Structures are given as structure tokens and as C-alpha cells.
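Enquirer: Give the three-dimensional model of this entry:
(chains A and B)
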Amino acid sequence: MQNLPQTAYKIPVYLTQERRCFYANIKVKLPFTCDESLFEEIYGVMDVVDRYYNSYTSGSYIDQINKNAGNWVDVDDTCVWLIQQLKNFAELFDGIYDITSMPLLKLWGFYDQKQNEIPTSAAIDTVLKKVDFRQIEIDGERVRIAKGQEIITGSFLKSFAVDLAMDYIRDIGIKDALINAGGSSMRVLNNYEHPHWKIKIPFLKRDDKEQLIRLSNKAFSYSGMGNNFKQIDGQKYSHILNAKTGYPSAIRQVVIISNSSFEGDVLATALYATGDDYEKYIPSIEAMGVSGFVVDSRGRKVNFGIPLEEEVLCS
Amino acid sequence: MGRIKTFVLYIIGVVLLVFGNRKIFSELWDAIFPKPTVDYNKDLEDGFSYEDLKYDSAQGRFINQTEYYQIVRYGDDVTEVMKQAKSRTRIESDNAESASDSL
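Expert: Residues are numbered from 1 along each chain as shown, chains lettered A, B, ... in the order given. Take a look at the predicted model:
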């Protein structure tokens, strides 16, 4: 009998846990040889991020900033770093992506889900006056937002926690692992024995083919309109809003492959929010060494960066 | 001859009963000589600095300014989010993960 290569017998086996955090199921996969107690430490890292920086967590720095709008609030250097980075991203996208867009989300009913009609343009114009990242001031380790403003951390904090948790996993010497935060943000580690992880991209139409992406030592971020939308008079409206116009984007999918989940998640959300103007921002994204694709409102797929390693599956 | 055979089989049976089930033997050993409790954190903590979170309910905020996440306290002082955790460990292969537009 012909000797098969040894890899033919090897099936990678992982310990997996899934916990609910940041309003998402966060799955961690570690090699089978790892101690189960590591999960407590990894989820513990994410829990610290949740406690200190989540705008929905009472007593967090961002919660304090929101509750004391108009006044300076003492924060830590990580909070300052996060806000500065997000201001830079907002500048890059001309304010289409803006972390102060909470009043806009509330207006559209994406916060309490009670609102079920399209807001009037007058109401949108009024709320847009409060949405402006330029009014976030940083002075050393103090932050102040304007009165009436509110920061929302939904577009970046989960992925920031994923980055910290994965850095922790790598620092303790694990070289093959995956963190999947609700399917929209994933980060993987790979070694020679397990060179890549596979990610299934949802198909947009029933007769479409499902795609697989191979990911190696990178972060994957996804924005789309599969589950999170509001249906008003039969029309679907995405929860990702253009903070400049005040209206939801109609892009179908954005996939970003980047070095960090934080960067990827912000870019996926921001590019999604640009709507039909997305092509204008692709050169800046490519310059950051990021790859991915956009499926626009007409169903046209535009790839950018290094071509992704893809394969097509049966629908 | 028949009695010797019965005796030998009886001895083999007793030996298997006592030494064949090592779990009973080790449990018995542990009951007689209980192991001292080891504090695994004791050695670990020397290499790290850590800070317990202090929450002032009157002010409604954390009052200590931690520098970074060197060590994470996890145990009795657990948040509601972590209490709801589905902490059962499963075994999986490297099956494909599905992308989704979760919040």
C-alpha cells in the first residue's frame, strides 16, 4: 500500500467556548492541548474592555463621557488612544463614519426598536447638528463632547476586545487559534501545521453560490444587511447610517482583511456607510495595506488590495 | 488438583479486585493522605502587577485608574455578563466559520 502523506491523517482538533459579550456570541478556539482555564483569562480580557469602554456599560469611561456631555471627563490613555484613532478614521471618511452618531441611530429606531417610520428630513437635519466628531475634544487624559452628543462604541469595541484577547493568546505562546465575534469580526493565528482558517461568506440571493475565504494570521471583518435592518413599508433599511446624510446605506456586503480587527471593523462599517460613493475611498484603504471587496447596491462586486484566496461552494 | 485450581483462581480474582480498579485504590489513598491545597496564583502574581477594580456606587463610576490589563481577576467577583456565559467547552475541528452582520 502506498504511504499517504502524514497530513492526511491529521485532523486539527480545538477546544471551543462561546460566550455572550458585547451583544454578540464570541467564540474562542484554542488547540486541544491547551488548558481549559485559559478561556477564563481570554474572556476576562474582553470583560475588562466591556467594563471600561462600552458605551452601554454603566460607569465605563465612554458612559461617563456621554452622561457628562459638555464637561471634561478624566479617562485613561487607552480611552484617549481609541477616541483619537476613531477621530482619524472619521476624518478619512469625511464624517460619513462618526462615533457620535448615536442620536441618529435613536432617531431611526435602531436603539429601542420602537420607531417604525422613516424620520422626516427636518428631524434628520436637527439630529445631524449633534453628530460631529470634530466636537470631541481631547486634552491630555481628559475628553469632552458637546452637549447633546453621545458616543456609540458598537462599531469598534467588540473588535478592539478581540485584538486584545488575541494579543494575549499570542503572548502566552499559542500559535494556532481563532476568535469569532458574532461572525462580523474574526481574528486568527496560524502556524506551519495549520496554515489557514476558512470563513464562509453568506450568499445574497437564493441562487448565489456560497464563498469560502482562506484567512491566515489576519483579521476578517464583515458588514452587510443580512440580519440587522429595519423594514418600513416593505423596504429594508440597514442599521449602518451615513452620518453625513443621515440615511442608511444600501450597500449589500463589505469584507475587509486587515492586520487588526479594530482597524478592519471600523473600515468595514465606514466603507459600508459610504453607500454608492465607496469607490472614492478605496485608494485610501488600499494604501493602508488592507484587502477585501464590496458588493454594491446594484450587486456589482469590486475587489481591492491583494486578491483574496477564495473558493466557491455549492449553494 | 481441583482445590489448587480453585484457590489460584480465587487469588487472581482478589488481586484483580484490589489492583485492577486503580480508581478505587487512588481514591482510598487520597482519603487516607489528603493532598494540601495549592494556590496556583501565588507563583503567577509575582510576575505581574494587578489592581482590583473599585466601583463607587455613589459616583456611579470606577474610581481607580488602571494602567493596563496585566492580570484579570476572575472568580467570585464576576460581572453579570460573565455569569450568563455559556462556559461549556466543546471539541471542534477547523470547520469553516460563517460570516454574519451581527451588531
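
Enquirer: and A:A270, what does it touch?
Expert: Residues counted as contacts of A:A270 (CB atoms under 8 Å, 6 or more residues apart in numbering or on different chains) are A:89, A:92-93, A:96-97, A:281. All C-beta spots, glycine's among them, are computed from the backbone N, C-alpha and C.

Enquirer: I'd like the residues you listed as CSV, with secondary structure, distance to chain B and neighbour count appended.
Expert: Below are the contacts of A:A270 laid out as CSV (DSSP: H, G, I helix; E, B strand; the rest coil; distance: CB to the nearest CB, whole Å; neighbours: other CB atoms under 10 Å in any protein chain shown):
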residue, secondary structure, distance to chain B, neighbour count
A:F89, helix, 19, 20
A:L92, helix, 22, 17
A:F93, coil, 19, 26
A:I96, coil, 18, 23
A:Y97, coil, 16, 29
A:Y281, helix, 19, 21
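
Enquirer: I'd like those laid out as CSV, including distance to A:I306 and pLDDT.
Expert: Listed next are the contacts of A:A270 as CSV, based on distance: CB to CB, whole Å; pLDDT from 0 to 100:
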residue, distance to A:I306, pLDDT
A:F89, 21, 96
A:L92, 20, 96
A:F93, 22, 96
A:I96, 25, 96
A:Y97, 23, 96
A:Y281, 18, 95
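
Enquirer: Secondary structure element holding the residue positioned nearest the centre of chain A?
Expert: In chain A, the residue lying closest to the centroid (CA atoms, centre = their mean) is A:D265, at 3.0 Å. Per DSSP states H and E, A:D265 falls inside helix A:261-273.

Enquirer: Relative to the whole chain's centre, how far out is that helix?
Expert: 6 Å (CA atoms, centre = their mean, to the nearest Å).

Enquirer: and if you look at stretch A:177-197?
Expert: Remark: stretch A:177-197 is offset 15 Å from the chain centroid, using CA atoms, centre = their mean.

Enquirer: Could you report the distance from B:L16 to A:N66?
Expert: Distance of B:L16 to A:N66, given as CB to CB, to the nearest Å: 71 Å.

Enquirer: Now A:M166: which helix or strand?
Expert: helix A:157-171.

Enquirer: And A:D125, by the same measure?
Expert: helix A:121-128.

Enquirer: B:F25 now?
Expert: B:F25 is located in helix B:22-32, with elements delineated by DSSP H and E.

Enquirer: got a list of contacts for that helix?
Expert: Surrounding helix B:22-32, the residues in contact under the criterion CB under 8 Å, 6+ apart are B:18-19.

Enquirer: how about the CA coordinates for it, as CSV?
Expert: The C-alpha coordinates for helix B:22-32 follow below in CSV (Å, rounded to 0.1, in the frame of the first residue of the first chain):
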residue,chain,number,x,y,z
ARG,B,22,-6.9,1.8,40.2
LYS,B,23,-9.5,4.5,40.7
ILE,B,24,-10.7,2.9,44.0
PHE,B,25,-7.1,2.5,45.1
SER,B,26,-6.2,6.1,44.3
GLU,B,27,-9.4,7.4,45.9
LEU,B,28,-8.6,5.4,49.0
TRP,B,29,-5.1,6.7,49.0
ASP,B,30,-6.3,10.3,48.7
ALA,B,31,-8.8,9.7,51.5
ILE,B,32,-6.1,8.5,53.8
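
Enquirer: OK, contacts around the residue nearest to the centre of chain A?
Expert: Contacts of A:D265 (CB under 8 Å, 6+ apart): A:155-156, A:158-159, A:184-185, A:221, A:256.

Enquirer: and the closest residue to it other than its chain neighbours, how far is that from chain B?
Expert: With CB to CB, 6 or more residues apart in numbering or on different chains as the criterion, A:D265 has its nearest non-adjacent residue at 3.6 Å, and that residue is A:S159. Distance, A:S159 to chain B, using CB to the nearest CB, to the nearest Å: 11 Å.

Enquirer: Any chance you could list what contacts the helix or strand harbouring A:F293?
Expert: With secondary structure defined by DSSP H and E, A:F293 is part of strand A:291-295. The contact list for strand A:291-295 (CB under 8 Å, 6+ apart) reads A:204, A:251-258, A:268, A:271, A:278, A:282, A:285, A:301-308.

Enquirer: Narrow those to those in helices?
Expert: A:268, A:271, A:278, A:282, A:285 (DSSP state H).

Enquirer: Pick out the most distant pair among the residues you listed.
Expert: Maximum pairwise distance among those (CB to CB): 12.9 Å, between A:A268 and A:I282.

Enquirer: So which of those two has more stuff around it?
Expert: Of the pair A:A268 and A:I282, A:A268 is the one with more neighbours under other CB atoms under 10 Å in any protein chain shown, namely 29 against 18.

Enquirer: ok, the more buried one - contacts?
Expert: Contact analysis of A:A268 by CB under 8 Å, 6+ apart lists A:184, A:221-223, A:254-256, A:292.

Enquirer: mind redoing it with 6 Å?
Expert: Neighbour list for A:A268: A:221, A:223, A:254, A:256 [criterion: CB atoms under 6 Å, 6 or more residues apart in numbering or on different chains].

Enquirer: From those, pick out the ones that also neighbour chain B.
Expert: By CB under 6 Å from any CB of the partner chain, no member of the contacts of A:A268 lies near chain B.

Enquirer: Now flag whichever of those is closest to A:V131.
Expert: Distance to A:V131, by CB to CB, is smallest for A:S223 among those, at 19.1 Å.

Enquirer: is it true that that closest one touches A:A273?
Expert: No: assessed by CB atoms under 6 Å, A:S223 is found out of contact with A:A273, at 8.6 Å.

Enquirer: hang on, isn't A:V162 packed against A:S261?
Expert: Yes: in this structure, A:V162 is within contact of A:S261 by CB under 6 Å, at 4.3 Å.
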